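>>> got a predicted structure here, sequence first:
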Amino acid sequence: MLFPIHRPRRLRRTEALRRMVRETRLSVDDLIEPLFVCPGHRSRQEVGSMPGVFRLSVDLCVDECRRTAEVGIPAVILFGIPESKDAVGSGAYAEDGIVQRAVREVKQACPDLTVITDVCLCEYTDHGHCGVIRDGDVENDPTLNLLTKTALSHARAGADIIAPSDMMDGRVGTIRCGLDENGFTQTPIMAYSAKYASAYYGPFREAAGSAPQFGDRRSYQMDPANAEEALREVELDLDEGADIVMVKPALAYLDIIHRVKTQFGVPVAAYNVSGEYAMIKAAGRLGWVDETRVMMETLTAIKRAGADLILTYFAKDVAGLLRD
Ligand code: PBG
Ligand code: ZN
């Protein structure tokens, strides 16, 4: 009895009709642009596996942030590549560390741009793990203190949001306490809550030189097979004071994004990670897919799944397209 009374194609006939019934719209307001900051001056090196993404010295990072703010993107997230690395990642919490310096200069140049800082040790440790090592294991509790020191040094430099990405147990609560005790009660935490041990981080590790020198991250990052556990991780982080929760990667975890949004109704961020970017770029360059359309389809899907915010290396490209 349904057909011919019902004809879904009626509302697909013209672009105007399609616009009127469109359920999901990407907006420049949804975007967070990741940036890699490196030592030096006037230094700009492209990441081999991420065409169009550069490691930028602080001065060029500031220029980049000016352009980011100009096109209306509300936020950047900064990752640091330090001058030197050691066993305890001291570059992560140095008062004049690379991220701390970048935050100060970016906030001075672009006071209205929201500056998020990634809090982790792996870019700063010589072994490449996200915590301190004892007897070949990544130790949880001794790492918490270093993460809190890192978060505090970022907040003191002027960071607007703190984003711990290490996946140590209890880090959100510990960092929240540290921030509050030092007067940063208004600094939100965006927690990488459901962060999976993913092969999609490959290009990022090339960019940051942060691949683990032994073993892998499976004793702290999540097993890609698990969904219920992601909900428990999110619940713990919310109980510990997370303001925004993140699912990472995005594309292979759309079900997780959807379940987190449905179950908790809090602001959800999704990280469209380096490997997802690299695959689209590579296939686009080979002429195997239409890069721009695949980019928009992918980001729209991440939003449709339930993400409020998307961290993506495509941020500027998207902002440009949305404006035209
Ligand atoms: C640090 C961190 C990583 C990413 C964000 N923060 C790498 C990792 O966990 O190995 C990955 C981002 C990307 O792939 O784009 N812990
Ligand atoms: Zn890490």
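Nice, I can see it. Ligands and ions are numbered 1, 2, ... in the order given.
>>> tell me the SS of L121?
What DSSP: H, G, I helix; E, B strand; the rest coil gives for L121 is coil.
>>> residues touching it, list them.
Each residue near L121 by C-beta atoms under 8 Å, 6 or more residues apart in numbering is listed here: 88-89, 92, 129-132, 143, 146-147, 150, 166. The way it works is simple: take the backbone N, C-alpha and C, and place the C-beta from them, glycine included.
>>> overlap between those residues and the residues near ligand 2?
Among the contacts of L121, the residues within reach of ligand 2 (C-beta under 5 Å from the ion) are C130.
>>> quick one: which of the contacts of L121 is most hemmed in?
T150 (30 neighbours; other C-beta atoms under 10 Å).
>>> surely Q100 forms part of a strand?
No. In this structure, Q100 is helix, not part of a strand, as judged by three-state DSSP.
>>> thought it was touching A157?
Yes. Using C-beta atoms under 8 Å, Q100 is in contact with A157, at 4.2 Å.
>>> more neighbours: which of the two?
Neighbour tally, Q100 and A157, criterion other C-beta under 10 Å: the higher count belongs to Q100, 24 against 21.
>>> so which elements touch the helix or strand hosting I310?
Per DSSP states H and E, I310 falls inside strand 309-312. Contacts defined by 3 or more C-beta pairs under 8 Å, 6 or more residues apart in numbering; DSSP states H and E place strand 309-312 against strand 31-38, strand 268-272, helix 291-305.
>>> can you give me the mean pLDDT across that strand?
The average pLDDT within strand 309-312 is 99.
>>> close to ligand 1, is it?
No. Judged by C-beta under 6 Å from any ligand atom, strand 309-312 stays clear of ligand 1, getting no closer than 7.8 Å.
>>> how far does stretch 300-309 stretch from start to finish?
Its start and end residues considered, stretch 300-309 measures 11 Å (C-alpha to C-alpha, to the nearest Å).
>>> how far out from the middle of the chain is that stretch?
Distance of stretch 300-309 from the chain centroid (C-alpha atoms, centre = their mean, to the nearest Å) equals 14 Å.
>>> ditto for stretch 156-166
12 Å.
>>> is any part of that stretch close to ligand 1?
Yes. Where contact is defined by C-beta under 6 Å from any ligand atom, part of stretch 156-166 touches ligand 1, namely S165.
>>> how long is that stretch from one end to the other?
Using C-alpha to C-alpha, one end of stretch 156-166 lies 20 Å from the other.
>>> average pLDDT across it?
pLDDT averaged over stretch 156-166 gives 98.
>>> which positions in that stretch come out as buried?
The neighbour-count check on stretch 156-166 (16 or more other C-beta atoms under 10 Å) flags 157-166 as buried.
>>> the residues you listed: which two are farthest apart?
Greatest spatial distance among those (C-beta to C-beta): G158 and D166, at 21.8 Å.
>>> helix/strand/coil for the residue lying closest to S165 once chain neighbours are set aside?
Nearest residue to S165 in three dimensions, chain neighbours excluded: Y192, at 4.1 Å (C-beta to C-beta, 6 or more residues apart in numbering). Recorded secondary structure, Y192: strand (three-state DSSP).
>>> any idea how far Y192 is from E83?
Y192 sits 25 Å away from E83, taking C-beta to C-beta, to the nearest Å as the criterion.
>>> these two: which is more packed in?
Taking other C-beta under 10 Å, Y192 and E83 do not tie; Y192 has more neighbours (26 against 11).
>>> can you tell me what sits against the longest helix anywhere in the chain?
Ordering each helix of the chain by length in residues (DSSP state H) puts helix 141-157 first. Helix 141-157 is contacted by residues 88-89, 92-95, 97, 99-101, 103-104, 107, 117, 119-121, 130-132, 134, 162, 164, 166, 168, 170-171, 174-175, 177-179, 182, 184, 187 when judged by C-beta under 8 Å, 6+ apart.
>>> tell me which of those residues fall in strands.
117, 119, 132, 134, 162, 164 (DSSP state E).
>>> the third one bridge partners, please.
Spelled out, it's V132. Note on V132: beta-bridge partners by DSSP bridges are E139.
>>> quick check: it touching V138?
Yes. Taking contacts as C-beta under 8 Å, V132 lies within contact range of V138: 7.4 Å.
>>> just to revisit the earlier point, neighbouring strands for the strand holding I310, and are they parallel or not?
Partners of strand 309-312 in the sheet, by DSSP bridges, are strand 31-38 (parallel), strand 268-272 (parallel).
>>> from those, which stretch is densest packed?
strand 268-272 (a mean of 27; mean count of other C-beta atoms under 10 Å).
>>> now the element after that one, going C-ward?
As assigned by DSSP H and E, the chain's next helix or strand after strand 268-272 is helix 274-285.
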